[in-house]
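[1] sequence plus the predicted model coming up.
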Amino acid sequence: MTDLDPPFPDPPLPNPPLPPDELAHRLTQVYDLVGPVYRRAQRLVEQGLAPEGLSVGVRAVLALLHRNGPMTVPQMGRAQAISRQFVQRMVNDAAARGLVESVPNPAHRRSSLIRLTDEGRTVVAAVLDRENVLLGQVGGDLTDSDLTTCLRVLGAMLSALDHVEDV
């Protein structure tokens, strides 16, 4: 072999990116599953919230605060891709039940931070524990790699829709 010989070609990628038309078709299949999965999961969550008497919206606020710590209402709205007004109603419902409280925000005087109360932490922990038991029964021999890929795909799909305005 001499310096004039062409280099060895790169081996083909094991999973090359899909061409746009095929990608669109496959992502449509994902969207077609995401809606029913979301709606069934929401019904299951509603059934599991019965002991605490929470709505799905209040549960979402509590879980978000549990995961991220204190947040403003606009931050919660952006994180959940829902309107600030809807989040505010859910925060008001949770506050009326003593599950969250408003505290001063050192970064912004007019936008208070919302944080869980001790009762809110107890309630959301119980809800999440019950949900984790159910989710642990999904089965399907799913691997960490499967879920990493799923999260990557759904994250890319969500990012592609960033330009859509929340109502």
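    Looks like it arrived, so ask away.
[2] residue 115 should be in a strand, yeah?
    Yes - Residue 115: assigned to a strand according to DSSP: H, G, I helix; E, B strand; the rest coil.
[3] show the contacting residues for it.
    65, 69, 70, 100, 101, 103 (Cβ atoms under 8 Å, 6 or more residues apart in numbering). The C-beta positions use only the backbone N, C-alpha and C, and glycine is treated the same way.
[4] how about a cut-off of 7 Å?
    65, 70, 100, 101, 103 (Cβ atoms under 7 Å, 6 or more residues apart in numbering).
[5] for the second one, give me the pLDDT.
    Right, residue 70. Here, the pLDDT recorded for residue 70 equals 97.
[6] equivalent analysis for the first one, please.
    On the pLDDT scale, residue 65 is placed at 98.
[7] that one in helix, strand or coil?
    State at residue 65, reduced to three classes by three-state DSSP: helix.
[8] repeat for residue 50
    Relying on three-state DSSP, one would call residue 50 coil.
[9] got the phi/psi numbers for it?
    phi -50, psi -40 (degrees, to the nearest 10).
[10] what sits against it?
    No contacts exist for residue 50 under Cβ under 7 Å, 6+ apart.
[11] how near is the residue nearest the centre of the chain to residue 141?
    Residue closest to the mean C-alpha point of the chain, counted by Cα atoms, centre = their mean, is residue 80 at 6.9 Å. For residue 80, the distance to residue 141 (Cβ to Cβ, to the nearest Å) stands at 31 Å.
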